[in-house]
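Chemist: how would this look folded up:
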Amino acid sequence: MNAHLDVVVLAAGKGTRMHSDLPKVLHRLAGKPLLGHVLDAARCLRPTRMVVVYGHGGEAVPSACGAPDVAWVLQEQQLGTGHAVQTALPQVGDDGAVLILYGDVPLIRAETLKTLAHLAAAGEVALLTAELADPHGYGRILRSDSGAVTGIVEEKDASEEQKAVREINTGILAAPAGSLRKWIAALRNDNAQGEYYLTDIIALAVADGVSVTTCNPQHEWEILGVNSKQQLAELERIHQAETAQALLARGVTLLDPSRLDVRGELVCGRDVILDINGVFEGRVELGDGVTVGANCVLRNAKIAAGTVIEPFTHIQDAEIGPGCHIGPYARIRPGTLLARDAHIGNFVELKNSQVGEGSKINHLSYVGDTTVGRKVNIGAGTITCNYDGAYKHRTVIEDEAFIGSDTQLVAPVTVKKGATIGAGSTVTKDAPEGELTLSRAKQVTIPGWKRPTKNK
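Modeler: Here you go, the predicted model:
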C-alpha cells in the first residue's frame, strides 16, 4: 500500500444510547471490541502510522485494545469531528495521504479503504458515499449540475430540497496530508450544533480547486455504525452471516448457517461438519473430517483430523489428536493434550492433563494435573485428588493401567504400567506394575437388621 499513508480513527464518542459505563468503541462484536475491527481493517493497508483519538472512558480505551502500533491521542473536549482530527494532526506526517475512519463502524472492508487511499495518494480528496433508500440522519452530498461534488450538508443544517438527496456521506474519507492540515485549521463552528465539522473541508477543497472524488462500498453494511445495543445486535448477525457464507464457500458443512457464532478465527480443513449453535472463540483449528456436534463451545483449541466432538462439549486452550471421540457433555480445560484415538466420554472433566494414544475416560470422571499413558482405561467416577488446599500435585498413570470405577487417586501418586486398581479404592501410595491394588472396607451383612420406621 501507500508508503506514506496515515490512518486516523475517531473513537472519542460516549455512546449515550448504549446505556453502558463501557466506552462505546469497546463493546464487542464477534468477540472483539468495535475499535479492534476498524484497526484490523486499517492494518491491511500497511499504513505508516495509525492514530486513535479517544475521549470518553479515558485510559480504558487504549488499555483494552493493547495496540503497540497505535499512537493514542486524548480529545478532552468533544467539539466535533473536525476538532477530533485536529487533535490527531500533530501525530500525522506532512506528506502522503490521511485516511479518516470511525471506531464505531466495525464492518468496513479493507478492499474499500484501499480504493480511497489510492485516490488520495494521487492528490485528490476521496469520499466514501452511498445511495440509501432512507437517508434520514446522514449528511447529504451536494453536487453541481455537472455532477461534481461541491460540499456536504448535515441533516440538521439541510434545507428540504437538500434532505431529498439520497446520496449520503459515510464520514469515511481520505485526503492529502498537507492540504488536510490547512483545511482543518480553517474550519468554523457556526452551525446548528456549534461544532467543527470535518465535512466542511469538502467545500474548502473545492474552493482550492482540488478534485473531490467519490466511491461506494460494495455492501451497505460496511458503513453501518453502532449507536445502540439494537444496532450492535444487528451488526453481529450481519457479521456472523458473512462468516458463515465464507465457511460454506470453502466447503465447510453448516447444518444451519444462521446458528453459528465465530468470535475470533476459525480455520477448517476439508469435510468439516458443524452442527447448530457452535461457539468458536479465539483461534480454533479443525482438521480434515472433524465433526462438531450441537451446542459446543471451543476456545483456542486445535482439533486434529477425524475427531468427533459430541454435543454440549466445552474445549478451551487444549490440543486434541486425530481420531479422538469426545463428549457429549465433556469439559476439556486448559493445558490438556489428547493423543491419537483417545476417548473422553460424557460428564468427564480434564484439566492440565496429557492422555496417551487409545486411552479411555468414558464416564463421570475428573482427571486433573495427570499424565495418562497409552491404552489406559479409567472407570466411571474416578477422581484424581490433585489439590491439598495449598498446592497442586501430579498423578501419573502409566501404559495399559486399568482404573476401576469410583477410585480416588490422591496425588502425588503413580500407577505403574499394567497395574489394576480395584473399584472403590482410595490410592495414596504408588501402585506396583502389573499387580492388583485395592483398598476397601470389609463388606458386612447384619442379620435381622430392620429399617427404621415412623411411629404411627
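
Chemist: May I see the buried residues of the lengthiest helix in the chain?
Modeler: For the chain, the longest helix by residue count, based on DSSP state H, is helix 229-249. Residues of helix 229-249 classed as buried: 232, 235-236, 238-240, 243-244, 247 (neighbour count, 16 or more other Cβ atoms under 10 Å). For the C-beta atoms, the positions are set from N, CA and C on the backbone; glycine is no exception.

Chemist: just how off-centre is the helix or strand following that helix within its chain?
Modeler: Once the chain leaves helix 229-249, the next helix or strand it forms, by DSSP states H and E, is strand 253-254. Offset of strand 253-254 from its chain centre (Cα atoms, centre = their mean, to the nearest Å): 20 Å.

Chemist: got it, and stretch 188-199?
Modeler: Worked out by Cα atoms, centre = their mean, stretch 188-199 lies 37 Å from the chain centre.

Chemist: Residues contacting it, please?
Modeler: Here stretch 188-199 makes contact (Cβ atoms under 8 Å, 6 or more residues apart in numbering) with 79-86, 100, 139, 151-152, 154, 156-157, 169, 171, 173, 184, 187, 200.

Chemist: Please flag which of the residues you listed sit within strands.
Modeler: 100, 151-152, 169, 171, 173 (DSSP state E).

Chemist: Pick out the most distant pair among those.
Modeler: Pairwise distances across those (Cβ to Cβ) peak at 16.8 Å, for the pair 100 and 151.

Chemist: and the gap between residue 375 and residue 415?
Modeler: 13 Å (Cβ to Cβ, to the nearest Å).

Chemist: Kindly write the PyMOL command that selects the buried subset of the contacts of stretch 188-199.
Modeler: Buried residues within these, by 16+ other Cβ under 10 Å, are selected in PyMOL with:
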select buried, resi 79+80+81+82+83+84+85+86+100+139+151+152+154+169+171+173+184+187+200
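
Chemist: quick one: which of the contacts of stretch 188-199 sit in helices?
Modeler: Using DSSP H, these in helices are 81-86, 184.

Chemist: Looking at those, which is nearest residue 403?
Modeler: residue 84 (64.0 Å).

Chemist: Including distance to residue 381 and pLDDT, could the ones in strands among the contacts of stretch 188-199 go into a markdown table?
Modeler: Converted to a markdown table, the ones in strands among the contacts of stretch 188-199 look like this (distance: Cβ to Cβ, whole Å; pLDDT from 0 to 100):
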| residue | distance to residue 381 | pLDDT |
| --- | --- | --- |
| 100 | 62 | 97 |
| 151 | 76 | 91 |
| 152 | 70 | 92 |
| 169 | 66 | 95 |
| 171 | 61 | 93 |
| 173 | 65 | 96 |
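
Chemist: Output these as a markdown table; include the columns distance to residue 355.
Modeler: Shown next, in a markdown table, are those (distance: Cβ to Cβ, whole Å):
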| residue | distance to residue 355 |
| --- | --- |
| 100 | 53 |
| 151 | 68 |
| 152 | 63 |
| 169 | 58 |
| 171 | 53 |
| 173 | 56 |
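
Chemist: What is the three-state secondary structure of residue 36?
Modeler: Here residue 36 is recorded as helix under DSSP: H, G, I helix; E, B strand; the rest coil.

Chemist: Isn't it up against residue 70?
Modeler: No. At 10.7 Å, residue 36 does not count as touching residue 70 under the criterion of Cβ atoms under 8 Å.
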